[in-house]
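A.B. asks: please work out how this folds:
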Amino acid sequence: MAVSEVANTGQATLADLLDELGVAPDRVFLNPAPGSATEQDVTELEAKHNRLCELVNGTLVEKVMETPESVIAGVIVTFLNTFVLPRKLGIVTVPDGMYRLAAGSVRIPDVAFVSATRFPDGRVPAEAISSFAPDLAIEVLSPSNSEREMTLKVREYFESGVLAVWLVDPRHRTVTVLEAPDAPVVYHDGDLVTVDHVLPEFSLAVSELFDACSLDFGCER
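C.D. replies: Just a heads-up that it's a prediction; the model follows:
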């Protein structure tokens, strides 16, 4: 079924669904029908077709990451692991780490930190989809991410127990830090990003983050 066709999703039209999700039509899977997808569909798509999809209100939404976002995510992982691993503070997951959220959704942050306190036995569960929310969720914004999509995702993160969310914008060289859904703080070149209630003493210079990329991917300066 073409994306432009009307689907029986509990919405008036597919256009209503796209407006609710805030995503482009080519990122929405219509098989299984929106509203009926499950976690099994998420894991099978990844295992059989190497396609990452989030589960949002029973709808499969493909996760898109272009080269600039991938590079930035890798840099963030490096900075976090350099701080986290020697101190045995927890784990850092990369852009294919899936998390089951309280809203019944599956989200895949580009980078996430999970405190060691979540693993009282010292072992990370062998789960395709983590049964816990991360402490810190980081999203590297791409041109395909709308304000509506990110607002919905941020709200789900906090409803599920995430303590902080970073929205990293490579094109404008900013990092927006949220410790609550409606309390964004924007950091620019020359600023230090901290998250003391999650990782005390950790800091990351915005300029250092973006300058760590050796190539200019069109970031505005």
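
A.B. asks: any weak-confidence spans in this protein?
C.D. replies: Residues of the chain meeting the criterion pLDDT under 70: 1-12, 214-221.

A.B. asks: show me the domain layout of it.
C.D. replies: The chain breaks down by automatic domain parsing into domains covering 14-62, 67-211.

A.B. asks: and the longest one, how far from the chain's centre?
C.D. replies: Relative to the mean C-alpha coordinate of its chain, domain 67-211 is positioned 7 Å out (C-alpha atoms, centre = their mean, to the nearest Å).

A.B. asks: endpoints of it, how far apart?
C.D. replies: End-to-end distance for domain 67-211: 16 Å, by C-alpha to C-alpha, to the nearest Å.

A.B. asks: what sits against residue 107?
C.D. replies: Shown in contact with residue 107 (C-beta atoms under 8 Å, 6 or more residues apart in numbering): 54, 98-99, 101, 137, 153, 156-157. For the C-beta atoms, the positions are set from N, CA and C on the backbone; glycine is no exception.

A.B. asks: ugh, typo on my part, it should be residue 164
C.D. replies: With C-beta under 8 Å, 6+ apart, residue 164 has these contacts: 135-137, 177-179, 195, 197-198.

A.B. asks: where's the nearest residue to residue 22 once chain neighbours are set aside relative to residue 56, distance?
C.D. replies: With C-beta to C-beta, 6 or more residues apart in numbering as the criterion, residue 22 has its nearest non-adjacent residue at 2.8 Å, and that residue is residue 148. Going from residue 148 to residue 56 by C-beta to C-beta, to the nearest Å gives 12 Å.

A.B. asks: looking at the two, which one has more neighbours?
C.D. replies: Shown here are residue 148 and residue 56; by other C-beta atoms under 10 Å, residue 56 has more neighbours (26 against 14).

A.B. asks: isn't the more buried one right up against residue 105?
C.D. replies: Yes: at 5.3 Å, residue 56 counts as touching residue 105 under the criterion of C-beta atoms under 8 Å.

A.B. asks: returning to that earlier point: show me the contacts of residue 164 that map onto strands.
C.D. replies: Of those, the ones assigned to strands by DSSP state E are 136-137, 177-178.

A.B. asks: before we move on, which element is residue 84 in?
C.D. replies: Here residue 84 is covered by helix 67-87, with elements defined by DSSP states H and E.

A.B. asks: helices or strands up against the next helix or strand after that helix?
C.D. replies: With elements assigned by DSSP H and E, the helix or strand that comes after helix 67-87 is strand 90-93. Strand 90-93 is packed against helix 67-87, strand 111-115, with contacts defined by 3 or more C-beta pairs under 8 Å, 6 or more residues apart in numbering; DSSP states H and E.
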